[in-house]
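>>> Test case, fold it:
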Amino acid sequence: MLLGISASNRAWGNCETAVKSVLLAAMRGGSRTAFIRLTDIPLEPCRGCFRCLAGDGACPIEDGLYDLLCHIRSADNLVLAAPVYFMAPPAKLFSLLDRLLTVSEFNPEDDRRRRAVTVTIMGNRQWRGVAEPYVNLMASLLGFRIEDSLSVVAEGPGEVLSDAAAVARLEAIGTAFAEGRELEVSGDRANVCPVCRSDFFVIEAPSVVCPVCGLKGDLAAYAKEGTFTGTGGDVRWGTDWLKAHIETWMKPSVERFKANRREILSKLSDLRSRYALEEERGSVDVH
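The predicted structure follows:
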C-alpha cells in the first residue's frame, strides 16, 4: 500500500494536492492507496516523562499516536508533504517528531525496502530554512528509505498544479511506485547532504558536518568545488539508529538522573522557593 500524508491543515491545499497527485497516478497503475491529513490526528505534546524508555516502551499519552503508527507500519511506501510557513515545517509535524522515541519499540524492524518520497512546498526558496531535511528526517525515523526529496515553490492553494514539471514528476513518482521501479533522484544535489538534503553545515576541520543527520564530508572538497562528499560519521537516520541511540544514550541518561535525583530535586526546590519569594515581593508579573 502507498500511504500519503499531508502535514498541512488546508484541504486540497498545495501539500494535499501534491500527495493526491502521486496517489492518483499510483491508483491508475493498480496500487492500493490511503491518505492521512496529519492535522486531523489528535496529538498531544510530549511531556518529557521518559516512560517510553521503560517497561514495554509505550507512551502513556492516550491520543491518536498509535493509530497513526499502525497506518504507517502497514504501508509499503510513503509520500509525505509539508509546507514551509516560516523557515521550518509546521508545528504538527514537530509534534509527531517529538513523540518518536516510542517508535523503536513499536516498530523495531528497520526495513529499508520501504521507500519514501517527500515534498516540501514553499513560497520562496530563499526562505526555505531547515524544512526539507526535517521532513526527510521524519520519513526516515518512521522506517522508510528516502528515495527522492522534492522542493516546490507554490503559494496559493493548488498553485502547485501550475508547475508542469512538478506535476509531471509527482505523477512519475506514483507510476514508479505502482510498478515497483526505482526512482531517479531529481535536481542538482551536488552541494547538499546526500542523506537528508540539508545545505547548511558545521565546520569541524578537516570535515564539514551535517547537523541534522550527522554525516561528515570532506571540507577541502566542499570549499574548493562546492560539493559535499561523504566521508563517514554516525548518521542519525532510521529506526535502527533510533533504537541504538535509546539503548546507548537515552536509557543510561535516565539512570544517571536517578542516581543524582535527590541532589537535583533539592536544588530545584531551592530555586522554586527563591522564585516564589520574588513573586510575593511583586518582582515578577504573574499571568
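
>>> Quick one: residues contacting residue 231.
Contact partners of residue 231, counting by Cβ atoms under 8 Å, 6 or more residues apart in numbering, are 207, 216-218. All C-beta atoms are positioned from the backbone trio N, CA, C, and that covers glycine.

>>> Can you pick out the most distant pair from the residues you listed?
Of all pairs drawn from the contacts of residue 231, the greatest distance, 8.3 Å, lies between 216 and 218 (Cβ to Cβ).

>>> Which one's more surrounded, these two?
residue 216 (21 against 17; other Cβ atoms under 10 Å).

>>> before we move on, the earlier item: now the common contact residues for residue 216 and residue 218.
Shared contacts of residue 216 and residue 218 (Cβ under 8 Å, 6+ apart): 207-208, 231.

>>> In the protein, spot the helix with the most residues.
For the chain, the helix that runs over the most residues, judged by DSSP state H, is helix 261-280.

>>> Give me the distance from that one to the chain's centre.
Mean-position distance between helix 261-280 and its chain equals 36 Å (Cα atoms, centre = their mean, to the nearest Å).

>>> Can I get that helix in CSV? Just the C-alpha atoms.
Taking C-alpha atoms only, helix 261-280 is exported to CSV below (Å, rounded to 0.1, in the frame of the first residue of the first chain):
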residue,chain,number,x,y,z
ARG,A,261,17.9,12.6,41.8
ARG,A,262,18.0,13.6,45.4
GLU,A,263,20.6,16.3,44.8
ILE,A,264,18.8,17.6,41.7
LEU,A,265,15.4,17.8,43.4
SER,A,266,17.0,19.7,46.4
LYS,A,267,18.4,22.3,44.1
LEU,A,268,15.1,22.6,42.2
SER,A,269,13.2,23.0,45.5
ASP,A,270,15.6,25.8,46.5
LEU,A,271,15.2,27.6,43.1
ARG,A,272,11.4,27.3,43.3
SER,A,273,11.4,28.8,46.8
ARG,A,274,13.6,31.7,45.8
TYR,A,275,11.4,32.4,42.7
ALA,A,276,8.2,32.2,44.8
LEU,A,277,9.7,34.8,47.2
GLU,A,278,10.3,37.2,44.3
GLU,A,279,6.7,36.6,43.2
GLU,A,280,5.4,37.5,46.6
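
>>> quick check: mean pLDDT across that helix?
Averaging pLDDT along helix 261-280 gives 92.

>>> just stretch 141-153 next, same as before
87.

>>> Only alpha carbons, please: show that stretch as PDB.
Extracted C-alpha coordinates of stretch 141-153, given in PDB (Å, rounded to 0.1, in the frame of the first residue of the first chain):
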ATOM      1  CA  LEU A 141      12.700   7.700  11.500                       C
ATOM      2  CA  LEU A 142       9.300   6.200  10.600                       C
ATOM      3  CA  GLY A 143      11.300   3.400   8.900                       C
ATOM      4  CA  PHE A 144      11.400   4.400   5.200                       C
ATOM      5  CA  ARG A 145      14.300   4.800   2.900                       C
ATOM      6  CA  ILE A 146      14.300   8.300   1.300                       C
ATOM      7  CA  GLU A 147      14.300   7.800  -2.500                       C
ATOM      8  CA  ASP A 148      13.700  11.300  -3.500                       C
ATOM      9  CA  SER A 149      13.000  14.700  -2.000                       C
ATOM     10  CA  LEU A 150      11.200  17.400  -3.900                       C
ATOM     11  CA  SER A 151      11.100  21.100  -3.100                       C
ATOM     12  CA  VAL A 152       8.400  23.000  -4.900                       C
ATOM     13  CA  VAL A 153       7.600  26.700  -5.000                       C
END
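
>>> Begin at 58, not 1, for the rest of this chat.
Sure thing, new numbering starts at 58, so read that last one as stretch 198-210.

>>> So what's the gap between it and the chain middle?
Counting by Cα atoms, centre = their mean, stretch 198-210 is centred 9 Å from the centre of its parent chain.

>>> Which stretches in this structure count as helices?
Using DSSP H, helices in the chain cover 71-85, 122-130, 148-155, 160-163, 188-198, 221-236, 276-282, 295-302, 308-316, 318-337.

>>> can you put those in a markdown table and add distance to residue 257 and mean neighbour count?
Formatted as a markdown table, those follow (distance: least, Cβ to Cβ, whole Å; neighbours: other Cβ atoms under 10 Å):
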| stretch | distance to residue 257 | mean neighbour count |
| --- | --- | --- |
| helix 71-85 | 23 | 23 |
| helix 122-130 | 28 | 17 |
| helix 148-155 | 18 | 18 |
| helix 160-163 | 26 | 21 |
| helix 188-198 | 9 | 24 |
| helix 221-236 | 24 | 18 |
| helix 276-282 | 12 | 13 |
| helix 295-302 | 21 | 18 |
| helix 308-316 | 27 | 11 |
| helix 318-337 | 35 | 10 |
